[in-house]
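In: prediction below, plus the sequence it came from.
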Amino acid sequence: MVSERLGLYIAAKDISYYAFENSIGASRGAISKAVKENKSIGSSMLESILEIYKDLNPIWLLTGQGDMFVTTDYDFLEKRSVEPYTLKTDRSMEQQQIPLYDIEAVAGLVPLFKGTNNQEPIDHISIPHLPKCDGAIYVTGDSMYPLLKSGDIVLYKEVSDIRNEIFWGEMYLLSIDMSGEEYITVKYIQKSEITGFVRLVSQNKHHQDKDVDMTKIKALALVKASIRINSMN
C-alpha cells in the first residue's frame with residue numbers, strides 16, 4: 001500500500017508526522033491515520049508530497065519498485081537552512097537545547113508561556129551560535145510567505161512586558177484575543193497612529209496591515225530564527 005510505504009519514508013527521514021503534515025498543508029492526523037489504518041491517500045495530497053519531497057522516488061511510492069530515494073547520497077538528502085533574526089544587543093550562545101512544542105497540544109501560547117500545563121516538548125533543537133531562545137513551534141499559514149512558509153519552525157524569546165519591551169519593526173510570534181478565541185500568528189510589529197494600538201504587518205503583500213489594541217495581545221515572543229527543511233535531489 002502507498003500509505004505503508006509513505007510511513008516507511010517518514011521514518012527514514014526521521015521527522016514527526018506532525019511536521020510532515022504541516023509541511024504539505026494537511027490537517028493534523030491526516031497522514032498518520034492513513035498510515036496506521038492502511039488507508040488510501042488522495043491524489044492531490046500525493047502530488048503535494050512529491051512536489052515538496054523531491055528525494056522521494058514516485059515509482060517506489062506508487063508501485064513499491066526501485067529505491068525509496070531518488071539518490072542514495074544520504075549526506076545530501078536533507079539540508080536545513082537556518083535564518084537568524086538577531087538584534088545588535090543579542091549575545092549568541094555556543095550551544096543550547098531549544099524545546100520544540102506542539103502548539104495544538106499545549107492549547108495556545110498563553111498556557112505554554114505561563115507553564116500552566118507542564119507540556120513536554122516533542123523534540124529539542126540544537127543550533128550553535130544563536131541568541132538565547134525559550135522555545136520553538138511550527139508555523140502555519142502564509143502571512144509571512146515567502147520568508148516563512150507553513151511547516152517552517154520559528155525559534156522565539158518570550159516577552160514578559162508587552163507594553164514596554166517591543167522592538168519596533170521586528171518579527172514577533174503573537175497570541176491575540178479575537179472575540180474570546182486565541183489567534184496565533186507571526187507578524188512584524190510597527191507603531192500605530194492609534195493610541196494604545198500596534199500595527200501588525202505581513203511579509204505577504206496579499207495580507208493587509210492591521211491595527212490591534214495592545215490589550216488584546218495575550219502572549220508575545222520575539223522571533224530569533226527560523227528553520228526550513230529543504231529536500232534535495
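Out: Yep, that arrived.
In: middle-most residue in this structure, spatially?
Out: Nearest to the mean C-alpha position of the chain, by C-alpha atoms, centre = their mean, lies Tyr138 at 2.1 Å.
In: if I look at it, how far off is Glu37?
Out: 24 Å (C-beta to C-beta, to the nearest Å). (C-beta placed from N, C-alpha, C; glycine too.)
In: ok, back up a step: phi, psi for the nearest residue to the residue nearest to the centre of the chain once chain neighbours are set aside please.
Out: Nearest non-adjacent residue to Tyr138, counting by C-beta to C-beta, 6 or more residues apart in numbering: Asn22, 4.9 Å away. Dihedral angles of Asn22 (phi, psi; degrees, to the nearest 10) stand at phi -60, psi -40.
In: okay, and for this structure, where does confidence drop off?
Out: Residue ranges of the chain with pLDDT under 70: 71-80, 106, 116-118, 230-233.
In: scan it for its longest helix.
Out: Longest helix in the chain by number of residues (criterion: DSSP state H): helix 2-13.
In: what residues sit buried inside that helix?
Out: Val2, Ser3, Arg5, Leu6, Gly7, Tyr9, Ile10, Lys13 (16 or more other C-beta atoms under 10 Å).
In: dump stretch 83-95 to PDB, keeping only the CA atoms.
Out: Listed next in PDB are the C-alpha coordinates belonging to stretch 83-95 (Å, rounded to 0.1, in the frame of the first residue of the first chain):
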ATOM      1  CA  GLU A  83      17.800  32.100   9.100                       C
ATOM      2  CA  PRO A  84      18.700  34.100  12.300                       C
ATOM      3  CA  TYR A  85      16.900  37.400  13.200                       C
ATOM      4  CA  THR A  86      19.200  39.000  15.700                       C
ATOM      5  CA  LEU A  87      19.400  42.400  17.400                       C
ATOM      6  CA  LYS A  88      22.600  44.300  17.900                       C
ATOM      7  CA  THR A  89      22.300  43.700  21.600                       C
ATOM      8  CA  ASP A  90      22.000  39.900  21.300                       C
ATOM      9  CA  ARG A  91      24.700  37.600  22.600                       C
ATOM     10  CA  SER A  92      25.000  34.300  20.800                       C
ATOM     11  CA  MET A  93      25.300  31.100  22.800                       C
ATOM     12  CA  GLU A  94      27.800  28.400  21.900                       C
ATOM     13  CA  GLN A  95      25.200  25.700  22.300                       C
END
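In: neighbouring contacts of it?
Out: Applying C-beta atoms under 8 Å, 6 or more residues apart in numbering, the contact partners of stretch 83-95 are 126, 128-132, 147, 167, 170-171, 223-228.
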